[in-house]
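1. let me see the structure of the following:
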Amino acid sequence: MPSLLDPLPLGALTLPNRILMAPLTRARAGRTHIANALMAEHYAQRASAGLLIAEATMVAADGCAFTGEPGIYDDACVAGWRLVTDAVHAAGGRMQLQIWHPGRSAHSSLNGGVQPISSGERAIQGFINTPEGKVPYETPRRLRDDELPGIVELFRQATRRALQAGFDGVQVHGAHGYLLDQFLRDGVNDRRGPGFERYGGSIDNRARLLLECVDAAIAEAGADRVGLRLSPLTGSNDLCDSDPEALLAYLAQQLSQRRVAYLELRHMDPALDMERRMATVARQHFAGPLLRNGGFTAATAQAALDEGSADAIAFGRAYIANPDLVERLRLGAGLNEPDPKTYYAAGATGYTDYPFLNAKPATLAVPWPHDRDQAER
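-> Next comes the predicted model:
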């Protein structure tokens, strides 16, 4: 059986290990949404990961869900990310960009007065942080079928710009209750009637938009540089589905036919029977590399590889505080404890100042607790 430290072919890439850095929102791009030198330092510190997957990145200038997330929608965004990819590649790393539209998880006050969009008209039950403070989520505008080619084009252009920025590929964000997930799951997608029927109702219709976005990314980058993240069980952003197993099986089959580089499943706890079952379903229907993410320790990550339920593990919270996570796992060393107060704060504190092993001893001498990534969106 492979170990976490063994190489892994992943589409066009060959990873030196199976310890991946999950995409983690850290809100360091400010109000410009342009990646910067501080972000370049942060990612370059973590370049020993088998693969870095950069944080959720806006495909549209009016697709902002929180202050500080980066974008990939114009030339200035491309130039900002080029600073990051150049630094990562100089440090010997590999990096993909997670491309994302928040859909109804956005707010008009963050987007020049533009109403959020979604598959339906159901608002998220809860509150969002805006420049005016914490306010209820807004009722989204239901997109018509004839508007959806424009969404696909956003993902196509984002993929093209990601390659121009030097990324080694893209991950399409189909998880966590954001726009593509809002079409996937029947807990919010209630589309019916003239002008709405092609992207609602049956699983194949609800999956249509996501797969069209994947196909657009493949047309730009090649299937071997495109991955997808799904979270079929997590109820992020007030979202659920009546039959997540059937939905995952269909998507896994479709992705396998497209020969994408990998499928990532984002869960909360690898010990839960239903989440283990979902990994089995993905394995049955997807022929490519399977990544799992959420709740893993070093021991449970290796166990997942041993049992064949994953080919690699993406770590989130552990990578916030441990830029040299690969070396720590190789040596069995303790881990630094992340500070949640700095997850989304501006500046270097809690971002680029966590110590390496050769700087001073780690603050923890035991494996990290279950990884319920507050920073991962």
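2. hmm, Thr67 and His33 touching each other?
-> No: here His33 does not reach Thr67: they are 9.2 Å apart, not a contact under CB atoms under 8 Å. The way it works is simple: take the backbone N, C-alpha and C, and place the C-beta from them, glycine included.
3. the more surrounded of the two?
-> Comparing His33 with Thr67 by other CB atoms under 10 Å, the one with more neighbours is His33, at 22 against 16.
4. quick one, phi psi at that one?
-> Dihedral angles of His33 (phi, psi; degrees, to the nearest 10) stand at phi 60, psi 20.
5. buried stuff in the helix or strand harbouring Trp81?
-> Trp81 is part of helix 75-90 when elements are defined by DSSP states H and E. Residues of helix 75-90 classed as buried under the neighbour-count rule (16 or more other CB atoms under 10 Å) are Cys77, Val78, Gly80, Trp81, Arg82, Leu83, Val84, Thr85, Ala87, Val88, His89.
6. nearest to Arg18, of those?
-> Using CB to CB, Val88 is the member of the buried residues of helix 75-90 that lies nearest Arg18, at 18.3 Å.
7. need the contact list for that closest one.
-> Applying CB atoms under 8 Å, 6 or more residues apart in numbering, we find Val88 in contact with Ala40, Tyr43, Ala44, Ala47, Leu52, Arg94, Met95.
8. show me the helices in the protein, by range?
-> Applying DSSP state H to the chain gives helices spanning 37-45, 75-90, 148-164, 179-184, 203-206, 208-221, 244-258, 273-285, 298-307, 317-321, 325-331.
9. may I have the third one as CSV, with CA atoms only?
-> Right, the one you point to is helix 148-164. Output of helix 148-164 as CSV, limited to C-alpha atoms (Å, rounded to 0.1, in the frame of the first residue of the first chain):
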residue,chain,number,x,y,z
LEU,A,148,-26.4,29.9,-18.0
PRO,A,149,-24.1,29.9,-21.0
GLY,A,150,-22.8,33.2,-19.5
ILE,A,151,-21.9,31.4,-16.3
VAL,A,152,-20.1,28.7,-18.2
GLU,A,153,-18.2,31.3,-20.0
LEU,A,154,-17.0,32.8,-16.7
PHE,A,155,-15.5,29.5,-15.8
ARG,A,156,-13.9,29.1,-19.2
GLN,A,157,-12.3,32.5,-19.0
ALA,A,158,-11.2,31.9,-15.4
THR,A,159,-9.5,28.7,-16.5
ARG,A,160,-7.7,30.6,-19.3
ARG,A,161,-6.6,33.3,-17.0
ALA,A,162,-5.4,30.8,-14.4
LEU,A,163,-3.1,29.2,-17.0
GLN,A,164,-1.9,32.7,-18.0
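10. and that helix, what other elements does it pack with?
-> helix 75-90, strand 95-100, strand 170-173, helix 208-221 (3 or more CB pairs under 8 Å, 6 or more residues apart in numbering; DSSP states H and E).
11. 10 Å instead?
-> Judged by 3 or more CB pairs under 10 Å, 6 or more residues apart in numbering; DSSP states H and E, helix 148-164 is in contact with strand 52-58, helix 75-90, strand 95-100, strand 170-173, helix 179-184, helix 208-221.
12. swap in the fifth one?
-> With contacts defined as 3+ CB pairs under 10 Å, 6+ apart, the secondary structure elements packing on helix 203-206 are helix 179-184, helix 244-258.
13. and the helices of the chain: which comes nearest Val59?
-> Among the helices of the chain, helix 148-164 comes nearest to Val59, with 4.1 Å by CB to CB.
14. next, the buried residues of that closest one.
-> Under the neighbour-count criterion of 16+ other CB under 10 Å, helix 148-164 has 148, 151-152, 154-163 buried.
15. out of those residues, who's nearest Gly334?
-> Among the buried residues of helix 148-164, and counting by CB to CB, the member closest to Gly334 is Ala162, at 35.6 Å.
16. leaving out chain neighbours, which residue sits closest to the closest one?
-> Spatial nearest neighbour of Ala162, chain neighbours left out: Leu97 (4.3 Å); criterion: CB to CB, 6 or more residues apart in numbering.
17. wait, that neighbour sits on Leu51?
-> No: at 11.5 Å, Leu97 does not count as touching Leu51 under the criterion of CB atoms under 10 Å.
18. could you pull up phi and psi at the residue of the chain most remote from its centre?
-> In terms of distance from the mean C-alpha position of the chain, Pro194 ranks first, at 33.2 Å (CA atoms, centre = their mean). Reported as degrees, to the nearest 10, the phi and psi values for Pro194 are phi -60, psi 130.
19. which residues does it contact?
-> Pro194 sits next to Arg144, Asp145 when contact means CB atoms under 10 Å, 6 or more residues apart in numbering.
20. mind checking pLDDT for Met268?
-> pLDDT for Met268: 71.
21. neighbours of it, how many?
-> Neighbour number of Met268 under other CB under 10 Å is 19.
22. that one against Pro232, yeah?
-> No: using CB under 10 Å as the test, Met268 is too far from Pro232 to be in contact (11.8 Å).
23. between these two, what contacts are shared?
-> Here Met268 and Pro232 have Glu275 as joint contacts, going by CB under 10 Å, 6+ apart.
24. now the end-to-end length of stretch 81-99.
-> Start and end residues of stretch 81-99 are separated by 13 Å (CA to CA, to the nearest Å).
25. likewise stretch 265-278?
-> End-to-end distance for stretch 265-278: 9 Å, by CA to CA.
26. tell me how far that stretch is from the chain's mean position?
-> Centre-to-centre, stretch 265-278 and its host chain are 17 Å apart (CA atoms, centre = their mean, to the nearest Å).
27. if you count neighbours, what's buried in it?
-> Within stretch 265-278, the residues scored as buried using 16+ other CB under 10 Å are Leu265, Arg266, His267, Met268, Asp269, Pro270, Glu275, Arg276, Met278.
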